[in-house]
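[1] Okay, predicted coordinates and the sequence, questions at the end:
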Amino acid sequence: MTQLTAILIGAGARGAQSYAPYALDYPHELKFVAVAEASESRRNKFAEQHHIPSDCCFESWEQLLDRPQMADIAVICTQDQMHYKPTIQALAKKYHVLLEKPMSPSPMECIEMELVAKENERLLTICHVLRYTPFWSAIKRVISDGKIGQVVSIQLNENVGYWHIAHSFVRGNWNNSETSSPMILAKSCHDMDVLSWLMDQPCMRVSSYGSLMHFRSENAPEGAADYCLSGCAVESKCTYSAPRFYLGEGKGWARHFVDELTKENIVKGLQETNYGRCVYKSDNNVVDHQVVNMEFANGATAMFSMCGFTRHQERRIQIMGTGGEIRAEDSKIVVRDFLTHEETVIEIPEQASGHGGGDSGIVRSFLSEIRNFAGGESLTSASASVRSHMMAFAAEHSRLHNGKSVELDEFYKSIMNTEVYEQ
């Protein structure tokens, strides 16, 4: 098997800890030869793990991509609003690109990236990792095999988890749509993608409601301080206490703001970074709950609900067909036949890779698609991703306009005429 080479742009949690480890586990398939990362400690750690010489380590993606093409692949895992420029330049340099989701918080940039990939005859694959998991792949096979007849309606719940929404979307990098993306993109573009994939029909119209209901300054309890460790009078009784989480069961999540998980480092981080801020006194503006209604070309419908106020982080789905139904959650898929009343249970084994096996699954698939590339599309190519991104953009547009139904065709045309597009 031919070894492919890659550069990494953005050595944070997703790039360095989710996708790049594939090269360490399967060095005969993939090797990283360069890295661009602003953080010196992260850059050096990644270089040491992958044996990258110092002259192939860069502080910025601009420095790396100013060089002649160094590898077959560019893995781009910068922050949401930093995806567009390095992706365009990497494609122009003839790299195949594996891009972390979402593509961009700008609809027009998403469309342009798709077009540039086609112009340069390169794969641009978006990291919608759910499609690559054994769990979601099994659900897709049941539908494709006709086990439940024609799909009529899907209900998908994304239970974010009270601790996860506080970590990522109140205190963390995705807490403000002005600096990252709306929640429907940052967290739930996975769900828009998987719904589009399972339906296998164009989405025609959407409507959406949702708001930032709880994590607001007016909901701060009396005595709350700006930081949990700055003499907060109610910290010990607060559900969202940062020290309780990061010094307890959520210690591993502290890797997002410290390099070494020592108690001293975590305490210092909680005193100096946003991860120690009061959840009621942060600069967050993304929703903490949202629902989206969708109608597809054949008349089928879907309902999606995202909520941050759940104990567990999980997705639950019910797919209703003319001949049966699927109910699935965690690692269990139950298929019920209407004619025979037979019930088939599919148990998915625990996966070693993150996102239920999706992190390694997408890298494995991407490498195979490059080796056999003849100008086609990947499973989660930019073309497929743009369709689900438009569903997310339309949903956010509807939410901001009192739930008004949005026609996808008209919405797309409005984006192409940027003078009339209003986000």
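    Thanks, I have it.
[2] hang on, Met108 in a strand?
    No: secondary structure of Met108 (DSSP: H, G, I helix; E, B strand; the rest coil): helix, not part of a strand.
[3] My read is that it contacts Ile415, right?
    Yes: at 6.0 Å, Met108 counts as touching Ile415 under the criterion of CB atoms under 8 Å. From N, CA and C alone the C-beta is placed, and that goes for glycine too.
[4] ok, now how distant is Ala384 from Cys189?
    Shown here: Ala384 relative to Cys189, a distance of 12 Å by CB to CB, to the nearest Å.
[5] okay, these two: which has more neighbours?
    Cys189 (24 against 20; other CB atoms under 10 Å).
[6] per-residue confidence for the nearest residue to that one once chain neighbours are set aside?
    For Cys189, ignoring the flanking residues on the chain, the nearest one in space by CB to CB, 6 or more residues apart in numbering is Pro102 at 4.7 Å. We have a pLDDT of 95 for Pro102.
[7] between Met108 and Ile415, who's got more neighbours?
    Ile415 (19 against 13).
[8] Which element, helix or strand, includes the more buried one?
    If you go by DSSP states H and E, Ile415 is part of helix 408-416.
[9] ok, now Ile165?
    helix 162-169.
[10] how about the nearest residue to Asp337 once chain neighbours are set aside, what does it touch?
    Excluding its sequence neighbours, the residue lying closest to Asp337 (CB to CB, 6+ apart) is Gly324, at 4.7 Å. Neighbour list for Gly324: 147-149, 335-338 [criterion: CB atoms under 8 Å, 6 or more residues apart in numbering].
[11] Can you report phi and psi for Gly324?
    The phi/psi pair for Gly324 (degrees, to the nearest 10) reads phi 170, psi -180.
[12] Next one: it from Gly146, what distance?
    From Gly324 to Gly146 the distance is 10 Å (CB to CB).
[13] Ala6 belongs to a strand, doesn't it?
    Yes: looking at Ala6 with three-state DSSP, it is inside a strand.
[14] Would you mind confirming that it makes contact with Tyr22?
    No: the pair Ala6 / Tyr22 is not scored as a contact, 9.6 Å apart, by CB under 8 Å.
[15] These two: which is more packed in?
    When neighbours are counted by other CB under 10 Å, Ala6 and Tyr22 differ, and Ala6 comes out ahead with 27 against 23.
[16] Compute the distance between the most centrally placed residue in the chain and Thr78, please.
    The centre of the chain sits closest to Lys101, judged by CA atoms, centre = their mean, with a distance of 4.8 Å. Look at Lys101 and Thr78: by CB to CB, they are 12 Å apart.
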